[in-house]
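Student: Model the following, please.
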Amino acid sequence: MKSPFDDPYEEITRLQRCINDLVGVVTLPSVWTGGEPSQIIGTFIDALMRMLSLDIVFVRLRPTAGVKAIEMVRIAEPTKLKAQPHEMAETLNDWFGCDPEKWPPLLQRAIGDADIALVPMRLGMYGETGLIVTGSQRADFPRETERLILRVGTTQAIIGLQEARLRSEQRRIAEELDQRVAQRTIELAAANHELEKEVEERGRAEEALRMRQLQLRLMVDSIPAPIAIMTAAGEVDAVNRPVLDYFGTTLEKLKGWAAGDWVHPDDLPLAIQAWTRAMETGHPYEIESRHRRADGVYRWFHVRGFPLRDTDGHILSWCVLQTDIDDRRKAEEALSANKHNLDLIINTIPTLAWSAHPDGSADFFNQHYLQYVGLSLEQVQNWGWTVAVHPDDLNSLIADWRSMMASCAASETQARLRRFDGEYRWFLFRTNPLRDASGNIVKWFGVNTDIEDRKRAEETLRNTQESLARVARMMTMGELTASIAHEVNQPLSGIITNANTCLRMLAADPPNVEGARETARRTIRDGNRASDVVARLRALFAKKRPTMELLDLNEAVREVIALSSSELKSHRVILRSELAADLPPLIGDRIQLQQVVLNLMRNASDAMSSIEDRPRQLAIRTERYEGDQVRLTVEDTGVGFEAQNEQKLFEAFYTTKSNGIGVGLSVSRSIIGSHGGRLSGQPNQGPGANFSFTIPTGGP
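Tutor: Residues are numbered from 1 along each chain as shown. All right, here's what the predicted structure looks like:
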């Protein structure tokens, strides 16, 4: 191994260069004077690169007050280190980190194509200032002289950085002081200016305050309600003009008054109690009491007192506002009396009255309703009223009620209600909605009217009408006696003739059995014919209740024609039937409708009994009418009638016949009406008249 002193000349040269470098390093602070930390670090790195022939130098300065963190990297050119400076800085940060205790004295690493010896050194005793890393590809790096130069240079750099940071801090402090002095000077000048303005404005404010107090006084006096200001001890301090006008006194006299001097004696205990409690608790109070006016009249006032407090919450005074409510009290009393009277009226009217919410739940029933059903208001409210409805009517009534609500219109329906004694009676339920200004329903009102007697009267009327119709049929039967005798005699004569013929055929020698058999068949045919005539007559004049059934109107008409044909022939009436082939069936009572047809045909025949100058023609037609209806028309060529007398023809007991009683058309219209139809008559364009009725195919 070669000794360091084998070549004295080379060693002397190296030492001389080291001394020169040390001198250069020591003189660096003179270059850094007044410089910034970044300048100091830059010149320091450049000096180290030049003196030690380094391949890389990395410096990282920690941030301090007023100075940001600094990182610098120098890489020698040319070099085998291919990394960019920012990449090298990131790599070195990863290798050495921020903990000086973990830095090795020497670190060998491969960077790019070169092996680098890296030497980290603290900036500051504990690395508080930062880190400097020097690196070289030389195998003997670092020599002792190089370590010496690094230590001395690092020390000088730390001193330079501290001086730079000290200068920066001094500048910052000086700038802050200058700014504060300038700001304070501005503030003092502004304060002086504001003080001058305040002195100037105070005079104006005092004048404005006097004007404001005057305006406030005028405003308080113009308030149309008595206002009093009381001291914290409860004494009158100030009042507005309405107080003085109402009581007819002065403020000085009012201060000497006691409460009993102006509060009604009956209201005085309440007023004293409320005022005393307010004084004790400091809470606002409200009462209503009567105050005596200057003319001695007492009027009702709403009195409201509330405390006025300072910023600390202490009561300075009390403000007492008195609002005249005498007219309102009288209106409320009148309204209460009206409501009482209205309740009496509603509860005494002889009908069952109630009201309900928009959703249909009931909320009110008058006394008459409750007495009738024998239940309390609580029992019938909401949907409890349904317990009094007849079970057979309940579902339909609720359905009708919901339909009324859906239609949002007045309506009515019928159902039976149970009386307190258990008897059910028929009632008419009428409802009507109450709407607000926007048209929304806010309440439903209804009345239930007892129609039991009317129902019974209607039943009696129906029975009477049926009896009257039967009488009319019987009268018609009397008029048809000859025709009926003819209809019955014809088959009876045939039966006798056929019977005699049958006997002769059987008595012959030999007996004509085949002829007798045919004669017997004719006898049976004529017997059935007579039986049919009798059956039709019995059905037509039987006393039976209406029976609704599906029937063919054409067939019913043919049966009436068969019964009337003989009489029509005897009166020389030419009958023409025009029965529609596509007539739909309808629902109705066959006997009643046949009676109407018979009445119309009899009337038409009678109307032509005096006609001699023209044929007596009677036409009977059936046809579809307006879609779902059928129409029957009976037209004659008789004497006709005046158009203005049409309605009279349908009045009971009105007749144009000398031997009539005037019930036929009246009964007929009633029958057609019960079938949901309409019966009418009108004069023909020529001679005669026509009567027709229409009936819905679906029945009444």
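Student: What ranges does the stretch 401-550 of the chain have for its strands?
Tutor: In the stretch 401-550 of the chain, the strands defined using DSSP state E, counting those that start in this stretch lie at 411-418, 424-435, 441-450, 549-551.
Student: Kindly report the same for the stretch 251-400 of the chain.
Tutor: Going by DSSP E, counting those that start in this stretch, the stretch 251-400 of the chain shows strands at 285-292, 298-309, 315-324, 352-356, 362-365.
Student: these two touch, right, Ala604 and Gly638?
Tutor: Yes. Look at Ala604 against Gly638 with CB atoms under 8 Å: they come within range, at 6.6 Å. Just so you know, the C-beta spots here come from the backbone N, C-alpha and C atoms, and that holds for glycine as well.
Student: C-terminal to the stretch of helix or strand Val634 belongs to, what's the next element?
Tutor: Here Val634 sits within strand 629-636, counting by DSSP states H and E. Heading C-terminal from strand 629-636, the first helix or strand you meet, by DSSP H and E, is helix 646-649.
Student: Show me what that next one is packed up against.
Tutor: strand 678-683 (3 or more CB pairs under 8 Å, 6 or more residues apart in numbering; DSSP states H and E).
Student: The strand it packs on relative to strand 629-636, how many degrees between them?
Tutor: For strand 678-683 against strand 629-636, the angle by axes from the mean of the first three to the mean of the last three CA atoms, to 10 degrees is 30 degrees.
Student: Strand 678-683 - contacts with which helices or strands?
Tutor: helix 646-649, helix 664-674, strand 689-696.
Student: So Pro584 is in contact with Glu623, correct?
Tutor: No. Using CB under 8 Å, Pro584 is not in contact with Glu623, being 11.1 Å away.
Student: Give me the common contacts of those two.
Tutor: Val630 (CB atoms under 8 Å, 6 or more residues apart in numbering).
Student: between these two, who's got more neighbours?
Tutor: Taking other CB atoms under 10 Å, Pro584 and Glu623 do not tie; Glu623 has more neighbours (16 against 13).
Student: Next, the buried residues of the helix or strand hosting the more buried one.
Tutor: Element membership for Glu623, per DSSP H and E: strand 617-625. For strand 617-625, a neighbour-count test (16 or more other CB atoms under 10 Å) marks Gln617, Leu618, Ala619, Ile620, Arg621, Thr622, Glu623, Tyr625 as buried.
Student: and it, C-alpha only, in CSV?
Tutor: Output of strand 617-625 as CSV, limited to C-alpha atoms (Å, rounded to 0.1, in the frame of the first residue of the first chain):
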residue,chain,number,x,y,z
GLN,A,617,-160.9,4.6,-40.1
LEU,A,618,-158.8,3.6,-37.0
ALA,A,619,-155.0,3.1,-37.3
ILE,A,620,-152.9,1.6,-34.5
ARG,A,621,-149.1,1.7,-35.0
THR,A,622,-146.0,0.6,-33.0
GLU,A,623,-142.4,1.8,-33.8
ARG,A,624,-139.0,2.5,-32.3
TYR,A,625,-138.7,6.0,-30.9
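Student: Quick check: can you name the pairing partners of that strand and their directions?
Tutor: On the basis of DSSP bridges, the sheet neighbours of strand 617-625 come out as strand 574-579 (parallel), strand 629-636 (antiparallel).
Student: Give me the distance from that strand to the chain's centre.
Tutor: How far strand 617-625 lies from its chain's middle: 58 Å, per CA atoms, centre = their mean, to the nearest Å.
Student: Outside of that strand itself, list whatever touches it.
Tutor: Under the criterion CB under 8 Å, 6+ apart, residues 553-554, 557, 561, 568, 573-580, 582-584, 597, 601, 604-605, 608, 630-637, 694 lie in contact with strand 617-625.
Student: which stretches of the stretch 1-150 of the chain have low pLDDT?
Tutor: Along the stretch 1-150 of the chain, the model assigns pLDDT under 70 to residues 1-7, 9-11, 23-27, 30-31, 33-34, 65-67, 78-85.
Student: returning to what we had before: which one of the helices and strands packed on strand 678-683 lies closest to Pro358?
Tutor: strand 689-696 (36.2 Å; CB to CB).
Student: Just want the angle from the closest one to strand 629-636.
Tutor: Between strand 689-696 and strand 629-636, the angle comes out at 170 degrees (the same axes, to 10 degrees).
Student: Give me the buried subset of the contacts of strand 617-625.
Tutor: By 16+ other CB under 10 Å, the contacts of strand 617-625 give 553-554, 557, 561, 568, 573, 575, 579, 583, 597, 601, 604-605, 608, 630-637, 694 as buried.
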